[in-house]
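Participant: sequence plus predicted model, see below.
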Amino acid sequence: MSANPDPKTLSALGLAPNQGALQDVTISGISVDSRQTAENDLFVALAGVDMHGGEFVKFALRMGAGAVLTDPAGWEIARREIAQIDVPVVVVEDPRRALALAAARFFAAQPATITAVTGTNGKTSVASFTRQIWELLGKSAVNFGTAGVEGAVSAPMSHTTPEPVTLHRLLHGLQGDGVTHAAMEASSHGLEQRRLDGVYLTAAAFTNFTQDHLDYHKTFEEYFAAKSGLFGRVLPPEGTAVLNMDDPRGVDMRDIALSRGQDVITVGHENCDLTLLNARFDSTGQDLRFSWRDVVHSMRLELIGGFQAMNVLQAAALAIGSGAQAREVFQTLPELKTVQGRMQLAATRQNGATVFVDYAHTPDAVETALRAMRPHVLGRLLVIIGAGGDRDTDKRPKMGLAAAQNADVVFVTDDNPRSEDPEKIRWAVLQGCPEATEIGDRAQAILAGVDALQPGDALLIAGKGHETGQIVGDDIFEFNDAEQASVAVAALDGLGA
Ligand SMILES: CC(=O)N[C@H]1[C@@H](OP(=O)(O)OP(=O)(O)OC[C@H]2O[C@@H](n3ccc(=O)[nH]c3=O)[C@H](O)[C@@H]2O)O[C@H](CO)[C@@H](O)[C@@H]1O[C@H](C)C(=O)N[C@@H](C)C(=O)N[C@H](CCC(=O)O)C(=O)O
Ligand SMILES: Nc1ncnc2c1ncn2[C@@H]1O[C@H](COP(=O)(O)OP(=O)(O)OP(=O)(O)O)[C@@H](O)[C@H]1O
Ligand SMILES: N[C@H](CCC[C@H](N)C(=O)O)C(=O)O
Ligand SMILES: [Mg+2]
């Protein structure tokens, strides 16, 4: 998947040199980092958070760069530092967008059907459900984002939304592998930096908007503006916008989508195209009653948590908006599996009590996960929590409090103590939940939690989700919550359990 496609001219990439040597040249690759620039690459000098890529033009040229793309500030810096630039230079106001469009043209091929989802929470879940629906309809499909590439192709990824060269190399490779359908996550960083502007989307979804990433976006409005770019800029007018109208910002997104001439599918609890009318929860899932443009359907979901139903309906709407038949899409829903490490049913005791694993590692997430579980549980709700070392210390007692307020029984244990003294971290968590049982060893805590389960009870093991290691000092010990839950159930109920 890593090979570059055939070399192309700047003009074929939509780039016209206006500085340096004013001639069209053929480039063999595109690079945004001088350290990774190869002979005849187009080097793209971008404004960074700390420095400007313009400072590295001289190094990129030494590496053999065949052309440069930058903004006026980058050009100023480069010109100051380099006596004469003999390669063509393209100076534009928005080089990130020019890069995204050029990368799309350079790699040329993309799967025919691509959807993107933005929102503070639920992106990975909606993308995974969309891919699963397509697979159940017989398509060759992937989703990609925080959890890497999953589905017809598996690969790790370092970003939720990769920068354009990595993104289009991936899409080109997927198309070559016969993948026809891809569901991607659009992070607010990715949208702000125009990383996906060259992707041809058939449909795009908005899940919700709450506080996050204010370190990068500075204000709520900037953060919203980044997200709304998915509909205002990236999704073409012939695309379908799938919007969660339960979120107050859904109305703003709808105005933007309609002003661009996009089709809109609204999703929510009242008066929407796809309306969630009712849900009945039980120990392993929920029965949904929903309407699609006034026709009522009912369907079983083997998923825990009211918010998962909304994620599933948004995924269904993305599949419909990309051309699938609604009735066929709805028939796949009972087959959907939860996303790894997110409200994942990890084990069931012989007495019927259940054990779930979730990635909740903030006070808000602990509360959300426990509240979502409550209607599924006839008996008591037990939780195991811990807080990471070398991370926000302020959240520790708050996580303890969220656990105490929303669960009936709390165990406090270790979760990646890293360089810190684990006892001190547990002590801080316990300030919020003084009644909790403290068991430092995570495997022992899981065993104790599972042992305490009576018929009708459920246990949530929070914090590590899909993680496969426990970080202690500089060591990483193999550890997986779901695996440990199964081990504990087998030990207590016998191996056949
Ligand atoms: C905050 C942010 O998004 N930063 C991105 C940004 O880097 P930057 O602005 O800090 O770059 P810089 O270090 O100041 O350097 C400026 C430019 O000079 C170049 N350079 C630098 C040094 C050198 O020797 N030669 C050289 O050419 C750099 O490649 C860069 O283009 O531009 C780089 C190139 O496009 C990105 O790799 C980098 O992502 C960094 C790695 C990152 O971690 N981003 C995270 C925050 C991110 O995008 N996260 C979201 C998900 C968030 C979430 O939902 O949790 C994601 O989609 O993954
Ligand atoms: N629709 C939703 N509304 C509220 N909370 C949700 C929703 N979907 C998921 N969550 C919560 O958010 C957590 C992360 O879910 P998910 O990974 O799907 O989100 P994400 O947007 O991809 O997050 P990230 O930005 O970290 O990649 C889940 O463990 C769950 O507790
Ligand atoms: N990626 C996040 C999540 C950590 C989850 C939890 N297991 C922890 O180690 O705190 C972090 O590194 O802060
Ligand atoms: Mg994600």
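Facilitator: Arrived safely. Ligands and ions are numbered 1, 2, ... in the order given.

Participant: burial count for residue 487?
Facilitator: By the criterion of other Cβ atoms under 10 Å, residue 487 has 16 neighbours. Every residue, glycine included, has its C-beta placed from N, CA and C.

Participant: domains of this protein?
Facilitator: Listed by automatic domain parsing, the domain ranges of the chain are 8-93, 109-335, 344-493.

Participant: is there proximity between the last one and ligand 2?
Facilitator: In this case it means domain 344-493. Yes - interface with ligand 2: domain 344-493 contributes 358-360, 365, 368-369 (Cβ under 6 Å from any ligand atom).

Participant: would you format the residues you listed as TSV with distance to ligand 3, secondary structure and neighbour count included?
Facilitator: Putting those into TSV (distance: Cβ to the nearest ligand atom, whole Å; DSSP: H, G, I helix; E, B strand; the rest coil; neighbours: other Cβ atoms under 10 Å) gives the following:
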residue	distance to ligand 3	secondary structure	neighbour count
358	11	strand	28
359	7	coil	22
360	9	coil	26
365	10	helix	17
368	15	helix	18
369	13	helix	24
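
Participant: and those residues, which two are the farthest apart?
Facilitator: 359 and 368 (11.2 Å; Cβ to Cβ).

Participant: for this protein, what helix or strand is lowest in average pLDDT?
Facilitator: helix 214-217 (a mean of 62; mean pLDDT, DSSP states H and E).

Participant: and the next element down the chain from that helix?
Facilitator: Downstream of helix 214-217, the next assigned helix or strand under DSSP states H and E is helix 220-229.

Participant: does anything pack onto the following helix or strand past that next one? Which helices or strands?
Facilitator: The helix or strand immediately downstream of helix 220-229 is strand 240-244, counting by DSSP H and E. The helices and strands touching strand 240-244, judged by 3 or more Cβ pairs under 8 Å, 6 or more residues apart in numbering; DSSP states H and E, are strand 203-206, helix 250-259, strand 263-268, helix 306-321.

Participant: show me where the stretch 351-497 of the chain has strands.
Facilitator: 354-358, 381-385, 409-412, 437-438, 458-462, 469-472, 475-478 (DSSP state E, counting those that start in this stretch).

Participant: that older thread, of the residues of domain 344-493 next to ligand 2, closest to ligand 4?
Facilitator: Ranked by distance to ligand 4 (Cβ to the ion), the residues of domain 344-493 next to ligand 2 are led by residue 359 at 9.9 Å.

Participant: the stretch 51-200 of the chain: helices as residue ranges?
Facilitator: Assigned by DSSP state H, counting those that start in this stretch, the stretch 51-200 of the chain shows helices spanning 57-62, 72-81, 95-107, 123-136, 164-176, 188-192.

Participant: and ligand 1, is the second one touching that?
Facilitator: No - residues of helix 72-81 contacting ligand 1 under Cβ under 6 Å from any ligand atom: none, with a closest distance of 9.2 Å.

Participant: do the longest one as well
Facilitator: No - Helix 123-136 does not reach ligand 1 (Cβ under 6 Å from any ligand atom); its nearest approach is 7.5 Å.

Participant: check the first one too.
Facilitator: No - Helix 57-62 stays out of contact with ligand 1 when judged by Cβ under 6 Å from any ligand atom, the minimum separation being 6.5 Å.

Participant: burial of residue 154, as a residue count?
Facilitator: Using other Cβ under 10 Å, residue 154 is surrounded by 10 other residues.

Participant: for the residue in the stretch 51-200 of the chain that ligand 3 sits nearest to, give its distance to residue 390.
Facilitator: Nearest to ligand 3 in the stretch 51-200 of the chain, going by Cβ to the nearest ligand atom, is residue 146, at a distance of 9.6 Å. As for residue 146, its distance to residue 390 is 21 Å (criterion: Cβ to Cβ, to the nearest Å).

Participant: ok, back up a step: point out the most buried one among the helices and strands packed on strand 240-244.
Facilitator: strand 203-206 (a mean of 30; mean count of other Cβ atoms under 10 Å).

Participant: just checking, what packs against that strand?
Facilitator: Using 3+ Cβ pairs under 8 Å, 6+ apart, strand 203-206 sits against strand 113-118, strand 240-244, helix 306-321.

Participant: what's the average pLDDT for the last one?
Facilitator: When the per-residue pLDDT values of helix 306-321 are averaged, the result is 96.
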